[in-house]
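[1] can't give you the sequence, but here's the structure:
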């Protein structure tokens, strides 16, 4: 990464959310890389950017289309790459015609000159990399946003070589592994399709049980079904939907309604309030296992101390299955990994004795395979190995600011805390330096409303309200607010909306229309 | 890639990639060279003069950390003259260093201590003025004992070169030079990220993790290499364990992803593990609240209730949520539990939310 010569950071605040990746990017800047930042917030990186594209929340596709528009208009595209490795270019070409920088300036709030500058820098780079985060995916058009980014990289041929390409920063320690290993309603472990008869037969044979053909429900659908009274029992392993899912009032209704709820966690959370049975969990220090990071690297987690409650989750799940009439018995996580390797081709060569130092990057199909660090060096993952351009339209977010709710709320993370904060809020020092949530508001808006830092505000949306103190800062642009969901004392997701990306089901955490009112007069 | 070149070190022929320093080539080939002011994460500095080596054709010893390795170079890393020079450099550092190793947090994990031992340094060879400054603990994470600082600048350079936080710099002139914040202000979120990178770079006891002080030194603790539990970067780290308790976190400099770098959460976000709020026994909800139960009782209840619901409403009415916070093995197992013991595909993880 330090060899990048142009970095395009989109919807990501790595110096806070991924500090160590932030270090790599900072090194690239020190080595002279140009920096383009697309973000509605004036982040650390945005302040230092050669071009800051201060896009209004949810207007990403218009912006990206416009950058491609400028590139094509000036003939800066990589024609050889497009001809040899891509298809359907004409659709994209036609679509982006509509997105000239001057009209797009009105939609996105980004000056036309900035769009042109960004297009010039990206298209003229030797090795340009796009790094994006949840500011791209946590939108109603999250999937299309990611495709629009892919369009840009393909148009310029900035992919498939070292220090180029697209890097999506993953939020949680093992979000990659959890996606890889099959807790999903339509896929079996290793992205093997449930609908494939051979796949089901393979698992049926290994597990000695018929695998149901009918796809299951997504977590949000299970909750919807609970509200409708159709869903009766849920086992929640280490998750806190009652704080971290959007539109909490709906989530709470579902958890209240479900007949039998079991939650396994290390602390009492908003979700355990609804549990009929709470099972103690073991922290990462209390068990063996593996996590898979954002670059698909499978790495060991090692037991440092005994589980406080005597058992780790893998033991609990095994015992529960056994008591329900399906015997499970493992000598330890290493044996579970051996079973994974036997059933999941991309993990086929993984075993604990190969993970002693450094880990392995999947795909790693067999015991002699060294793992794979770069994907798509010569072929893309379509049948003919060519990438497909999609002409994409800008759709409006599920909710936009209006007279009644004039502010756009963006949610995210701070460096010091993590998600529902159940761990970091219980760490000495961290609890003290960031003791409570604050809503970030632009100085212009604050002055107009007579708000100063420290004022207690009521922030409300169509779904709920929270009380939170103000922090006046130009990190927020006029009309935008920023909050995190780290604190139980301020359940930010009471505000966020029910809108979701229709393809992935990812909620639109990044755009909610809200209003603010001081609660009492200027209390410090 | 340019072709490999070769140099001779202590009579041994060593091939290397061009662009490396003598120190890097030697370290990669297991040839020890003493050094205080360098850290693999930093640019070469040439401050401590301990890494001096003799190079054929050079009129005087050169610092190996700043001298590029070149083809056909002949290097000697150990000689009576180098030993004498290094010993003197160490003794000069010790002339202004407290001799309180028996009480020092860094004992057993201190480069200065190791080198003084290795070179048989005379602790009192150079008398003179010594610093007498108080311990500074103006923040929850980082303790600073200025008297133990050898002014190698590693803390300052990692803060500026790697973290780019600009929290500290070398201040003062001559004898009073010391790493400090601007205007000696206490560390706060206004001027510091509390990543503790400076602590991880310090070769002596000058900077230490405040939460771990007094909890056990290197010889008393076990270090368990593991992967961080927070974001998706996958940093490796060591958990410091004493008496079945995690008492701190150390950098793992061989980690492929983070090379010893950590952020505030990775380095200081560990003490939730033993927090009094931990749930330590299964709990069953009764009309008047939660009551404690044994694993047997709780698991029997959970199993029978799920079985009853499956019987009454079908397997499609039961499911599980898995978590990106859990291990691969646990995610696999929960997915398996739903598809075998329950008999539905109602299983999902939190990747989409």
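    Perfect, thanks for sending it. Quick caveat: nothing in here was measured; it's all calculated off a predicted structure.
[2] domains for chain A, by residue range?
    What automatic domain parsing lists as the domains of chain A is A:6-169, A:172-214+A:281-368, A:217-279, A:407-518.
[3] In a markdown table, list those along with mean neighbour count.
    No exception for glycine: its C-beta is placed from N, CA and C like everyone else's. Below are those laid out as a markdown table (neighbours: other C-beta atoms under 10 Å in any protein chain shown):
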| stretch | mean neighbour count |
| --- | --- |
| domain A:6-169 | 21 |
| domain A:172-214+A:281-368 | 20 |
| domain A:217-279 | 22 |
| domain A:407-518 | 20 |
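[4] The stretch 51-200 of chain A: helices as residue ranges?
    For the stretch 51-200 of chain A, the helices defined by DSSP state H, counting those that start in this stretch cover A:60-73, A:79-85, A:89-96, A:101-108, A:112-123, A:134-137, A:142-155, A:175-180, A:197-207.
[5] Rounded mean pLDDT for the last one, please.
    When pLDDT is averaged over helix A:197-207, the result is 95.
[6] show me what contacts the residue in the stretch 301-450 of chain A that chain B sits nearest to?
    Per C-beta to the nearest C-beta, residue A:429 is where the stretch 301-450 of chain A lies closest to chain B, at 2.9 Å. Residues counted as contacts of residue A:429 (C-beta atoms under 8 Å, 6 or more residues apart in numbering or on different chains) are B:139, B:140, B:141, B:194, B:210, B:211, B:268.
[7] Can you pull out the low-pLDDT segments for chain B?
    Residue ranges of chain B with pLDDT under 70: B:1-3, B:351-353.
[8] per-domain residue ranges of it.
    Listed by automatic domain parsing, the domain ranges of chain B are B:5-78, B:128-274, B:281-311, B:314-353.
[9] Most tightly packed of those?
    Per-stretch averages of neighbours, counted by mean count of other C-beta atoms under 10 Å in any protein chain shown, single out domain B:314-353 among these, with a mean of 26.
[10] hmm, it touching chain A?
    Yes: residues of domain B:314-353 are located near chain A by C-beta under 8 Å from any C-beta of the partner chain, namely B:315-353.
[11] In strands, which of those residues fall?
    With strands taken from DSSP state E, the overlap with the residues of domain B:314-353 next to chain A comprises B:318, B:319, B:320, B:321, B:347, B:348.
[12] residues touching the fifth one, list them.
    Applying C-beta under 8 Å, 6+ apart, one finds that residue B:347 lies in contact with A:182-185, A:216, B:319-322, B:334-335, B:338-339.
[13] Look up how far residue A:231 lies from residue A:409.
    Residue A:409 sits 30 Å away from residue A:231 when distances are taken as C-beta to C-beta, to the nearest Å.
[14] what do you get for residue A:142?
    26 Å.
[15] Please apply the same query to residue A:18.
    Relative to residue A:231, residue A:18 is positioned 35 Å away (C-beta to C-beta).
[16] Find the residue closest to the most centrally placed residue in chain A in space, skipping its chain neighbours.
    Centroid check for chain A by C-alpha atoms, centre = their mean gives residue A:134 as the closest residue, at 4.3 Å. The spatial neighbour of residue A:134 that comes closest, neighbours along the chain excluded (C-beta to C-beta, 6 or more residues apart in numbering or on different chains), is residue A:171 at 6.0 Å.
[17] Keep only those of the residues of domain B:314-353 next to chain A that are in helices.
    In helices, judged by DSSP state H, the following of those are found: B:328, B:329, B:330, B:331, B:332, B:333, B:334, B:335, B:336, B:337.
[18] residues contacting the first one?
    The neighbourhood of residue B:328, defined by C-beta under 8 Å, 6+ apart, consists of A:174, A:177, A:178, A:180, A:181, A:289, A:290, A:291, A:292, A:298, A:337, A:340.
[19] Can you tell me which of the ones in strands among the residues of domain B:314-353 next to chain A is nearest residue B:246?
    Lowest distance from residue B:246 to those (C-beta to C-beta) belongs to residue B:321, with 27.5 Å.
[20] Output the helices of the stretch 51-200 of chain A as TSV; include the columns distance to residue B:225.
    Output for these, formatted as TSV (distance: least, C-beta to C-beta, whole Å):
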stretch	distance to residue B:225
helix A:60-73	40
helix A:79-85	41
helix A:89-96	47
helix A:101-108	46
helix A:112-123	40
helix A:134-137	29
helix A:142-155	34
helix A:175-180	18
helix A:197-207	32
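[21] Could you name the stretch from those helices that's closest to residue A:496?
    Residue A:496 lies closest to helix A:134-137 among these, at 12.9 Å (C-beta to C-beta).
[22] That closest one packs against which elements?
    helix A:142-155 (3 or more C-beta pairs under 8 Å, 6 or more residues apart in numbering or on different chains; DSSP states H and E).
[23] Is the helix it packs on positioned near chain B?
    No: contact of helix A:142-155 with chain B (C-beta under 8 Å from any C-beta) is absent, the minimum separation being 9.5 Å.
[24] For that helix, name the packing helices and strands.
    On a contact count with 3+ C-beta pairs under 8 Å, 6+ apart, helix A:142-155 meets helix A:60-73, helix A:79-85, strand A:128-132, helix A:134-137, strand A:165-168.
[25] Quick check: residues of the stretch 51-200 of chain B near chain A?
    Residues of the stretch 51-200 of chain B lying close to chain A (C-beta under 8 Å from any C-beta) are B:139, B:140, B:141, B:161, B:162, B:163, B:164, B:188, B:189, B:193, B:194, B:195.
[26] mind running it again at 7 Å?
    B:140, B:141, B:162, B:163, B:164, B:189, B:193, B:194, B:195 (C-beta under 7 Å from any C-beta of the partner chain).
[27] can those go into JSON lines with extra columns for secondary structure and distance to residue B:202?
    Listed next are these as JSON lines, based on DSSP: H, G, I helix; E, B strand; the rest coil; distance: C-beta to C-beta, whole Å:
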{"residue": "B:140", "secondary structure": "coil", "distance to residue B:202": "18"}
{"residue": "B:141", "secondary structure": "coil", "distance to residue B:202": "14"}
{"residue": "B:162", "secondary structure": "helix", "distance to residue B:202": "14"}
{"residue": "B:163", "secondary structure": "coil", "distance to residue B:202": "14"}
{"residue": "B:164", "secondary structure": "coil", "distance to residue B:202": "19"}
{"residue": "B:189", "secondary structure": "coil", "distance to residue B:202": "22"}
{"residue": "B:193", "secondary structure": "coil", "distance to residue B:202": "17"}
{"residue": "B:194", "secondary structure": "coil", "distance to residue B:202": "15"}
{"residue": "B:195", "secondary structure": "coil", "distance to residue B:202": "13"}
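[28] can you put the residues you listed in CSV and add distance to residue B:246?
    Formatted as CSV, these follow (distance: C-beta to C-beta, whole Å):
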residue, distance to residue B:246
B:140, 17
B:141, 16
B:162, 26
B:163, 24
B:164, 30
B:189, 25
B:193, 22
B:194, 19
B:195, 19
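[29] wait, which of the residues you listed is closest to chain A?
    Nearest to chain A among those, with distances taken as C-beta to the nearest C-beta, is residue B:140, at 2.9 Å.
[30] okay, which residue is most central for chain B?
    Residue closest to the mean C-alpha point of chain B, counted by C-alpha atoms, centre = their mean, is residue B:251 at 1.7 Å.
[31] Could you check how far the residue nearest to residue A:134 is from residue B:95?
    Taken as C-beta to C-beta, the span from residue A:171 to residue B:95 is 51 Å.
[32] about what we covered before: closest one to residue A:86 among the domains of chain B?
    If you check each of these against residue A:86 by C-beta to C-beta, domain B:314-353 wins as the nearest, at 28.3 Å.
[33] Pull the distance from stretch A:155-169 to the chain's centre.
    Relative to its parent chain, stretch A:155-169 has a centroid offset of 19 Å by C-alpha atoms, centre = their mean, to the nearest Å.
[34] For it, give the mean pLDDT please.
    Over the span of stretch A:155-169, the pLDDT mean works out to 89.
[35] which one is the residue in chain B sticking out farthest from the centre nearest to, not counting chain neighbours?
    Going by C-alpha atoms, centre = their mean, the residue of chain B most distant from its centre is residue B:312, 54.5 Å out. Among residues not flanking residue B:312 along the chain, residue A:232 sits closest, at 7.7 Å (C-beta to C-beta, 6+ apart).
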